[in-house]
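J.: got a sequence here, can you model it:
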Amino acid sequence: MTTAPIIHTKDRRAGVVQLVGRRPDDVPKRRWESLLVFLLFAVGYSWFGYWVVVDLHVVGFETLDRLNRGLMVWHNDPAKLSAIGFDYPPLSTLLIAPLAIWRSFVTSMAAVPVASAIFAAITMVAFNTMMRRALVAGPLRYAALLALGANPLVLLYATTGARPFIWIAFVVTGLGSLFAWYITADVRWVMLAGLSYSVAALAGYSSLTLFVLSAIMVGAILARLGADGTEVEGTVVGFSAPTIYVVALWAVFNFILLYNPFAWITSSSDSAASGGLQMFSAVDLMRATGELVLYGAPLAIIVLPMLVFSGFARGNPFALWLGVLLGASILTPALAVALRLTDSPMLMRNALPILLISVIGAIWLARSAEEGSSLVAGILIVALLVSIPWTLNAMKTYRYQNLEAPFAAAITTGESQEGAETLNGDQVGIVSEQAMANYIDNNVTANNSILTDNAQTYAVMMLTGRPEIFYDRVDKSDGPWKETARDPAGAVNYMLLSTADNGDLLTKLYPDAANGTDPQLQVVYKTPRYVLVNVPAGYSPDGTTTTDVQTGGGS
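T.: Residues are numbered from 1 along each chain as shown. Coordinates of the predicted model:
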């Protein structure tokens with residue numbers, strides 16, 4: 001009978017590349033500095049955003065939709081967590097839902113800039129920590145943060161409540177953790193990076209590409225450093241498990257509720273399969289990609305080749321893999337168009353992750369330069385400062401965009417953009433929504449008395465701050481709502497419709513009412529975008545009233 005040999009802990013760890021069970025040397029923690037950076041950018045972006053959103057009326061309707069869902073989570077009749085829905089990545093709504101606990105905070109529009117400012121501030125904290133680990137001097141760190149924070153593309157998406165910074169904050173935090181892992185060899189940073197990516201995955205599906213490449217990066221770096229197969233496998237599994245778990249769980253929810261486990265890929269606002277996307281040739285995509293980088297993230301033009309050179313010529317695997325991640329972020333928008341996974345081709349907001357990963361790459365180049373770190377940091381600051389007027393001017397004319405042109409006009413002129421048009425023809429501002437919301441606030445009190453399609457009238461609902469007075473598609477699900485929509489008499493007192501044919505289901509059912517010409521559905525109040533009509537007790541969609549039915553019809 002043979003006895004298995006006893007392997008002591010120190011012998012078992014002898015072949016392990018990463019540190020296990022003890023804290024390695026690292027830069028000292030400065031919680032006060034991180035807190036000050038967070039407060040500076042959170043307060044600064046919120047204040048600047050209030051001016052842009054409330055005073056200059058540069059408003060993204062997508063943010064109003066998510067805040068309205070937040071209101072329905074807390075204040076609907078009944079309150080429902082299902083208001084979060086499936087058409088946005090769930091955490092992009094759930095993470096800002098706490099802002100909607102206070103109705104007045106939402107109706108005043110003050111919550112709109114805060115919805116993105118918090119996550120932009122988290123991003124800046126991660127950058128400051130990375131620069132500390134790169135041994136960049138304090139004055140250079142602060143100058144770099146201010147130069148990056150003042151970039152007009154960063155300003156737009158950090159101050160108007162837009163979604164990108166929610167998932168980007170966690171991707172940058174995850175990459176910052178991998179940054180710390182490579183320097184310290186502490187495997188705990190890999191686990192923290194995995195948790196960050198798991199949150200990013202359900203806040204923005206675009207992060208999944210970076211997650212996959214980061215998992216490959218962890219395994220490849222460990223293998224190059226001489227780790228055995230067990231350590232490589234265990235580390236990669238530990239990194240990947242949280243994200244794989246949440247994605248699998250989200251697919252199960254989609255299967256249970258929508259009978260399609262991949263609906264989050266094919267039907268979401270983040271990655272919707274397009275049936276009407278214009279055709280792009282390979283040359284068109286190459287040109288559009290070049291313009292996206294040139295105007296939105298010119299820093300990448302310098303950083304990408306330097307990362308590749310440092311990776312190959314100087315044996316710097318982390319630099320090489322940062323180059324791979326940067327290259328992927330550059331190619332992803334064109335790939336989404338080629339695979340027809342987007343209805344929004346080559347939008348300028350796609351340059352935001354390219355810009356931020358370029359900054360991470362520049363910080364690593366500063367770390368790799370050792371004695372020349374201050375020089376590299378100085379070049380980074382100059383490049384960021386020069387790009388400010390360059391990108392601001394490009395925002396005014398770049399072809400594929402959302403609110404870039406109105407934002408650029410607003411901050412350069414200080415004039416309200418109410419009534420202005422974006423380059424794709426959408427009208428800017430919320431005067432119609434505010435007018436309708438004010439009328440409803442002053443004249444409607446009963447719960448569930450206004451039938452409406454919340455997918456189109458969410459801005460009015462949000463500005464009232466009272467989702468409970470609306471009979472919407474979240475209240476009792478689409479089935480019962482559609483039944484009521486076909487025969488609203490007795491169930492509701494009013495209907496709120498969009499005046500434009502923009503997908504509003506009530507507008508499709510009652511086009512004459514939307515035009516204000518239905519003799520049975522009298523207009524109570526109308527704005528250029530919405531109409532509120534009265535639903536009489538005897539109303540019948542087929543044109544007969546209850547009195548007609550009882551008397552056999554009138555002559």
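
J.: quick one, strands of the protein?
T.: 450-452, 470-471, 494-498, 523-526, 530-534 (DSSP state E).

J.: any chance of a markdown table for those strands, columns mean neighbour count?
T.: No exception for glycine: its C-beta is placed from N, CA and C like everyone else's. Shown next, in a markdown table, are those (neighbours: other C-beta atoms under 10 Å):
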| stretch | mean neighbour count |
| --- | --- |
| strand 450-452 | 25 |
| strand 470-471 | 29 |
| strand 494-498 | 25 |
| strand 523-526 | 17 |
| strand 530-534 | 22 |
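
J.: out of the ones you listed, which is closest to residue 281?
T.: strand 494-498 (36.0 Å; C-beta to C-beta).

J.: and the contacts of the closest one?
T.: Residues outside strand 494-498 that contact it (C-beta atoms under 8 Å, 6 or more residues apart in numbering) are 436, 440, 444, 449-453, 456-457, 460, 470, 488, 504, 506-507, 510, 513-514, 521, 524, 529-535.

J.: how about low-confidence regions in the stretch 1-150 of the chain?
T.: 1-15 (pLDDT under 70).

J.: now do residue 227, the pLDDT please.
T.: Here the pLDDT value assigned to residue 227 is 87.

J.: er, residue 490 I mean
T.: On pLDDT, residue 490 comes in at 85.

J.: measure it to residue 516 for me?
T.: Distance, residue 490 to residue 516, by C-beta to C-beta, to the nearest Å: 23 Å.

J.: grab the most central residue of the protein for me.
T.: In the chain, the centroid-proximal residue (C-alpha atoms, centre = their mean) is residue 163; its distance is 2.2 Å.

J.: low-confidence stretches in the chain?
T.: The chain contains residues with pLDDT under 70 at 1-15, 266-279, 342-344, 543-555.

J.: contact partners of stretch 20-34?
T.: With C-beta under 8 Å, 6+ apart as the test, stretch 20-34 has contacts from 13, 125, 128-129, 132-133, 180, 183-187.

J.: so for it, what gets flagged as buried?
T.: Residues of stretch 20-34 classed as buried by neighbour count (16 or more other C-beta atoms under 10 Å): 33-34.

J.: what does stretch 283-297 give?
T.: 285, 288-289, 291-293, 295-297.

J.: figure out how far that stretch is from the centre of its chain.
T.: Relative to the centre of its chain, stretch 283-297 is centred 22 Å away, using C-alpha atoms, centre = their mean, to the nearest Å.

J.: what do you get for stretch 109-120?
T.: 12 Å.

J.: now the helices for the stretch 51-200 of the chain?
T.: Per DSSP state H, counting those that start in this stretch, the stretch 51-200 of the chain carries helices over the ranges 61-75, 90-94, 103-107, 111-133, 138-149, 152-159, 164-184, 188-201.

J.: just want the angle from the fifth one to helix 111-133.
T.: If I follow you right, that is helix 138-149. With axes from the mean of the first three to the mean of the last three C-alpha atoms, to 10 degrees as the basis, helix 138-149 and helix 111-133 are set at 140 degrees to each other.

J.: name the helices or strands packed onto helix 138-149?
T.: Secondary-structure packing of helix 138-149 (3 or more C-beta pairs under 8 Å, 6 or more residues apart in numbering; DSSP states H and E): helix 31-50, helix 111-133, helix 152-159, helix 373-395.

J.: before we move on, the earlier item: isn't the residue nearest to the centre of the chain right up against residue 88?
T.: Yes - Residue 163 lies in contact with residue 88 (C-beta atoms under 8 Å); the separation is 7.5 Å.

J.: list residues touching both of the two?
T.: Common neighbours of residue 163 and residue 88 (C-beta under 8 Å, 6+ apart) are residue 66.

J.: okay, now the nearest residue to residue 42 once chain neighbours are set aside: neighbour count?
T.: Using C-beta to C-beta, 6 or more residues apart in numbering and skipping residues adjacent in sequence, the residue nearest residue 42 is residue 121, 3.9 Å away. Counted with other C-beta atoms under 10 Å, the neighbours of residue 121 add up to 24.
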